[in-house]
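*Asks:* One predicted model, sequence on top.
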Amino acid sequence: MRYEAEGFPPLALLEMATGYWVSQAVYVAAKLGIADLLGKEPRSCQELARDTGTDPDSLYRLMRALVSLGVFTAEEGDRFGLTPAGQCLQSHTIGSMRAMILTLGEEHYQAWAHLLHSVSTGKPAFDHVYQTTLFQYLAKNAAAGRTFDQAMANVTVPASFAIARAYPFSSSSTVVDVGGGQGALLRAILTANPELNGILFDVPPVIEEAKKLINTDGLAGRCATIAGDMFKWVPRGADVYILKNVIHDWDDDRSAKILGKCQRAMARNGKVLVVESVMAPYDGLSFEKLLDLNMLVISGGRERSEVEYRALFDKASLRLTKILPTPFPLSVIEGVRKECS
Ligand SMILES: C[S@@+](CC[C@H](N)C(=O)[O-])C[C@H]1O[C@@H](n2cnc3c(N)ncnc32)[C@H](O)[C@@H]1O
């Protein structure tokens with residue numbers, strides 16, 4: 001943010017209130033695939049408008065605004081190029097955030113327009129807008145579902161090797177990634193630990209897509225893919241159950257139910273690893289506080305503090321044994337069965 005609330009209160013507040021101008025400008029550029037079109041060399045607005053079927057003057061105004069935000073560069077001859085941030089708008093590049101920007105600009109944005117509903121009722125605005133829950137919607141709408149899964153991979157890929165390094169997986173034999181999406185984290189853990197076997201567990205449409213990626217990585221021999229409903233069961237007998245950005249999707253009762261399924265399914269000295277942000281007890285600007293609101297709006301979940309994770313684990317007959325930080329705003333929170341020492 002450019003304006004500090006203490007120094008320029010009216011401008012700081014106005015900047016907050018117009019934040020959606022920025023997010024929608026970035027979203028429209030992502031939707032039109034502008035960064036992919038600029039992949040090789042700067043291009044004129046006329047060319048971009050022709051290739052995207054848009055109005056040249058309006059597209060020019062969008063591009064000019066995004067130059068001012070540092071997404072594109074203005075080059076000689078009325079041409080535009082990519083900044084490093086603009087490169088992350090490309091579809092197939094290291095650090096791509098395109099799918100995440102699409103899902104944020106579409107379903108999330110529609111739901112956030114009804115934040116007031118969530119704050120008034122305590123219920124997800126998403127359900128109010130779409131008349132169904134987030135994960136039922138994604139299961140029924142294949143294109144939105146695929147974009148959401150890629151969006152999760154956008155944010156999971158960069159953190160995956162740091163998570164794989166943060167925890168000593170080498171002393172385990174089988175890891176189940178519950179709600180593992182496209183398997184970005186499990187693939188990194190298996191790549192970093194050649195002796196380890198993995199099971200990717202998620203709902204059927206997600207598993208169908210994930211299988212292709214696991215085959216491409218050459219991990220199929222060590223990684224099974226199983227479709228199912230984690231509220232009913234999870235694969236039995238493994239020694240590690242990892243859940244990244246799964247528990248924050250749900251309220252305490254639903255979260256305890258998922259953790260309870262893992263606790264009952266795991267081997268005798270098994271571990272449950274929850275990978276989430278741990279909410280810090282301070283009031284400064286923090287991404288987690290806004291992510292927490294997003295969870296309320298989208299699925300009725302929440303971000304939690306260490307104390308809240310201890311209580312949640314207790315509800316699932318687990319004992320929180322350690323919290324291992326990573327360089328990302330994600331920690332590995334380990335739990336064992338209560339009766340284990
Ligand atoms: C926020 S995403 C996290 C994906 C992945 N762990 C990551 O961090 O990239 C939540 C995942 O939970 C899965 N999920 C939702 N409901 C489920 C259910 N009932 N059983 C199994 N998986 C479920 C979704 O399909 C999705 O892949």
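*Replies:* Yes, it's here.
*Asks:* all contacts plus neighbour counts: C-alpha atoms, from now on.
*Replies:* Noted.
*Asks:* For burial, what's the neighbour tally of Tyr309?
*Replies:* For Tyr309, the neighbour count with other Cα atoms under 10 Å is 21.
*Asks:* who in this structure is up against the ligand?
*Replies:* 135, 152-153, 156, 179-181, 202-203, 228-231, 243-246 (Cα under 6 Å from any ligand atom).
*Asks:* Among these, which lie within helices?
*Replies:* Cross-referencing the residues of the chain next to the ligand against helices under DSSP state H gives 135, 152-153, 156.
*Asks:* which SSE is the spatially closest residue to Tyr309 that is not a sequence neighbour in?
*Replies:* Leaving aside its chain neighbours, Tyr309 sits nearest to Leu320 (7.8 Å; criterion: Cα to Cα, 6 or more residues apart in numbering). Assigned by DSSP states H and E, Leu320 falls within strand 318-325.
*Asks:* can you map out the strands along the chain?
*Replies:* If DSSP state E is used as the criterion, the strands of the chain fall at 43-44, 72-75, 79-82, 174-178, 197-202, 223-227, 240-244, 271-276, 318-325, 331-337.
*Asks:* okay if I get the ones you listed as CSV plus mean neighbour count?
*Replies:* Shown next, in CSV, are those (neighbours: other Cα atoms under 10 Å):
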stretch, mean neighbour count
strand 43-44, 18
strand 72-75, 19
strand 79-82, 22
strand 174-178, 26
strand 197-202, 24
strand 223-227, 19
strand 240-244, 25
strand 271-276, 24
strand 318-325, 18
strand 331-337, 24
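*Asks:* what's the distance between the residue of the chain most remote from its centre and Cys45?
*Replies:* The C-alpha centroid of the chain is most remote from Gly77, which lies 38.9 Å away (Cα atoms, centre = their mean). According to Cα to Cα, to the nearest Å, Gly77 stands 10 Å off from Cys45.
*Asks:* Also Gln24?
*Replies:* Applying Cα to Cα to Gln24 and Cys45 gives a distance of 19 Å.
*Asks:* Kindly report the same for Ser120.
*Replies:* Counting by Cα to Cα, the separation of Ser120 from Cys45 is 45 Å.
*Asks:* These two - which one has more neighbours?
*Replies:* Cys45 (21 against 8).
*Asks:* List the contacts of that one.
*Replies:* The contact partners of Cys45, by Cα atoms under 8 Å, 6 or more residues apart in numbering, come to 56, 59-60, 78-80.
*Asks:* Repeat that for Pro158.
*Replies:* Going by Cα under 8 Å, 6+ apart, Pro158 touches Gly95.
*Asks:* So for it, what pLDDT did the model give?
*Replies:* Confidence at Pro158, expressed as pLDDT, is 94.
*Asks:* How much space separates it from the ligand?
*Replies:* Distance of Pro158 to the ligand, computed by Cα to the nearest ligand atom, to the nearest Å: 11 Å.
*Asks:* And for Pro124?
*Replies:* Counting by Cα to the nearest ligand atom, the gap from Pro124 to the ligand is 15 Å.
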